[in-house]
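Peer 1: okay, here's the prediction I keep looking at, along with the sequence it came from:
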Amino acid sequence: MDGTIDFTALKIKLLGSIVAISAIQLLKQFMSINTVSDRDLFWLVIIHVVFVFSSVLLALSDRISAGSASHVPETAVARRRRTCRKETSTPSRGVA
């Protein structure tokens, strides 16, 4: 990795920061629960849930559009199969 960040990663990091700021604001309001109305808490929770939901949906849509095969790590079984295919497809040396 060369240290650069692409647009998708920057978008996900920005949404993560927005969700974190929203969570901190919500926690701050819960700490002063005696001075905050129920209606204000309700809207703060709704806004936070919307931020979380939209960032999860955006991350999923980016993953789907990039192709899910590139994000799935190769399992040991798949690696073994690929290695076995390479070994059987190359001609054997030495014995004629």
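Peer 2: Right, received. Where do you want to start? Keep in mind that what you see is a predicted model, and the values were worked out from it rather than measured.
Peer 1: tell me the phi and psi of Ser37?
Peer 2: When quoted as degrees, to the nearest 10, the phi and psi of Ser37 stand at phi -80, psi 160.
Peer 1: okay, now Lys28: neighbour count?
Peer 2: Neighbour count for Lys28, taken as other CB atoms under 10 Å: 11. Placement of C-beta: from N, CA and C, glycine included.
Peer 1: that one in helix, strand or coil?
Peer 2: Using DSSP: H, G, I helix; E, B strand; the rest coil, the structure places Lys28 in helix.
Peer 1: now Leu58: closest residue in space, sequence neighbours ignored.
Peer 2: Among residues not flanking Leu58 along the chain, Leu15 sits closest, at 6.3 Å (CB to CB, 6 or more residues apart in numbering).
Peer 1: next, count neighbours for that neighbour.
Peer 2: By the criterion of other CB under 10 Å, Leu15 has 17 neighbours.
Peer 1: in what helix or strand does Leu44 lie?
Peer 2: Assigning secondary structure by DSSP states H and E places Leu44 in helix 38-66.
Peer 1: circling back: ok, the residue nearest to Leu58 - contacts?
Peer 2: Leu15 sits next to 51, 54-55, 58-59 when contact means CB atoms under 8 Å, 6 or more residues apart in numbering.
Peer 1: buried subset of these, written for PyMOL?
Peer 2: The buried residues among these can be selected in PyMOL (16 or more other CB atoms under 10 Å) with this line:
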select buried, resi 51+55
